[in-house]
Structures are given as structure tokens and as C-alpha cells.
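**Q** Predicted coordinates and the sequence they were generated for:
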Amino acid sequence: MKEPKIVSCSPAHSEILCLLGKENLIVGKTTYCDFPKDLLKEKPVIGSWIKINHESIEKLKPDLIITNNVVQEKIARSLKEAGFNVYHSDPLTLNQIYEDIIEIGKIANAKQEAETLVQEIKDKLNKIYKTSKTKSHKPKVYIEEWHDPPTISGNWIPEMVQIAGGDYGLLETGKRSIPVSIDKLFEYNPEKIIISWCGFGEKVDSIQVLNRSGWDSIKAIKEKDILVIDDSLLNRPGPRIVEGARKLQDFFIYD
């Protein structure tokens, strides 16, 4: 079976391909495809998260282009219209992430490796959950994906919070991230705030959140119970969600 030359516009899928031992298939990437660095640093760059250079892609002559997330739907459509073969995914739950990894395994001729990877992720998350469920107190949690306007993290994040031992009463699993109503946030009164702004990594100063006008009545703000987590560990639908879940658990239980 011929293995495809792949241009990955998705940081999550670049990670998945590398973990499946198929980094050699990647002939192009975005500026955000940054992990694992040692396997991706020499790959040609074809654009950023929302700006893709069609000419650069054309020169690479890929068999397949991978796009991800609702944000890249227009890119996927334009690439298809230009005659490229495109695989687009938009997982909203942990199960959909698992299904996506299996699909990538099939594409990369690494189905067994993908099934093994998915089982490893499930086992690790289950181990985290087993510890969490022994704790009687589940803190109310608000995770912020974006700051302008303040936007609550959705998709699989409610599941991750539950696995890690928290309460995420502001949003259901499988719902997209949405701007949060300040009144609803005040009513919920979270005990823990996690900042995970898309594209910022850990380069966020929590003082920006602590000093927000009118937020001083929220319990997490009053007690300065705020943690910045690299968004690639929470918002990126790939294997490192396990690391993200561990960081959440440490913050909820052991701080």
C-alpha cells in the first residue's frame, strides 16, 4: 500500500502522525505544528492556522491535505475546490478524538499503532479519573479559551474537567466554545479559573484576569486561584490531552 505524502494544516494531526511513527509522510506543515519539535522543525511551512499558501502546497505535490476544526472549514473547502484531496475533521468529544486518531491510522497505514495509541490515552485518562472520583469535593471550574470576549472552553473540555475531578456546570460536553455571560459566571461563582488562550501557550499573565473590572466578587479571583495552562494541552485534539488532564487534576486536588 502506497503511503501518502501529507501536508498537515493541523497541529494535532502533525502530533498524531509523529506518535504513530509516520512523521516521514509529512511534507508540509503550519507554523503552529510545533510538537514534537525535533521531528517537525525541518518540515516546510505552508502557512499559519487560518492563512494557507496554495502555491507552497502545490509545489509539495501532496497526496492529502489534513485540516481540522470549524475555523479551518473555509480552508478545507477552498483546497477541495482547487483540486486537492482533503481530510477534514472537527471532533467535539473525546470519543470523536479517538475515532479521528483511528482514521488517521488508516490513512497512514498504521491502523494497529493508532488503536494502541487510543487505548493508551483511554487507560491513562481512566487512571486519572480513578484518583479523582475518590475525592468528595469537586471544585466549580471556569476554563477560558479566549479573552476578547471572555469565552468558555467547550468541546471535550467538560469531559476532561470531570475526569480530573472538577465541576463544569457552565457548559455541556460536545458544545462549542462560546462567549460567557458575565451574569451566568457570577451566578456559578467558580472556585478555580484556568486560562488557556488559543495560540498563547503559557505566555499569559494571570494579572490581566485578576484585575478585570467587576470580577473581584468571583471566588477564584478573590482567592487568586488561577492557573495558566498551555492551550495545546487542552484545546488541541491529540494525545497530549492526557498531560492537560493531569495538570487540571493537580490544580483541583493537590494545590
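**A** Good, I have the coordinates.
**Q** Surely Thr67 forms part of a strand?
**A** Yes. In this structure, Thr67 lies within a strand as judged by DSSP: H, G, I helix; E, B strand; the rest coil.
**Q** Excluding covalently adjacent residues, which one is nearest to it?
**A** Ala76 (4.2 Å; CB to CB, 6 or more residues apart in numbering). For the C-beta atoms, the positions are set from N, CA and C on the backbone; glycine is no exception.
**Q** other SSEs contacting the helix or strand encompassing that neighbour?
**A** Using DSSP states H and E, Ala76 maps to helix 73-81. For helix 73-81, the packing partners by 3 or more CB pairs under 8 Å, 6 or more residues apart in numbering; DSSP states H and E come out as helix 54-60, strand 64-68, strand 86-89.
**Q** at 7 Å what do you get?
**A** For helix 73-81, the packing partners by 3 or more CB pairs under 7 Å, 6 or more residues apart in numbering; DSSP states H and E come out as strand 64-68, strand 86-89.
**Q** Is it correct that Ile241 is in contact with Glu159?
**A** No. Contact between Ile241 and Glu159 fails when scored by CB atoms under 7 Å: they sit 9.5 Å apart.
**Q** neighbour count winner among these two?
**A** Between Ile241 and Glu159, counting by other CB atoms under 10 Å, Ile241 is the more crowded of the two (25 against 21).
**Q** If I follow the layout properly, the residue nearest to Thr67 ends up in contact with His88?
**A** Yes. With contact defined as CB under 7 Å, Ala76 counts as touching His88 (4.1 Å).
**Q** who has more neighbours, the two?
**A** A side-by-side neighbour count of Ala76 and His88, using other CB under 10 Å, places Ala76 first with 22 against 19.
**Q** what does the domain assignment say about this protein?
**A** Structural domains assigned to the chain are 6-124, 136-253, following automatic domain parsing.
**Q** same question for the first one, mean pLDDT?
**A** Averaged over domain 6-124, pLDDT sits at 97.
**Q** count of neighbours near the residue lying closest to Asp231 once chain neighbours are set aside?
**A** Nearest non-adjacent residue to Asp231, counting by CB to CB, 6+ apart: Ser196, 4.5 Å away. By other CB under 10 Å, the residues close to Ser196 number 26.
**Q** The chain should start at 548 in everything you say after this.
**A** Done: numbering now begins at 548, and the last item shifts to Ser743.
**Q** Between Ala623 and His635, which contacts overlap?
**A** Residues touching both Ala623 and His635 by CB atoms under 7 Å, 6 or more residues apart in numbering: Thr614.
**Q** Among the domains of the chain, which comes closest to Lys677?
**A** domain 683-800 (9.7 Å; CB to CB).
**Q** where along the stretch 548-697 of the chain do the strands fall?
**A** Assigned by DSSP state E, counting those that start in this stretch, the stretch 548-697 of the chain shows strands spanning 553-555, 573-576, 611-615, 633-636, 688-694, 697-699.
**Q** Among those strands, show me which one is buried the most.
**A** Highest mean neighbour count of the strands of the stretch 548-697 of the chain: strand 553-555, a mean of 28 (counted as mean count of other CB atoms under 10 Å).
**Q** Could you list the paired strands of that one along with their orientation?
**A** strand 573-576 (parallel), strand 611-615 (parallel) (DSSP bridges).
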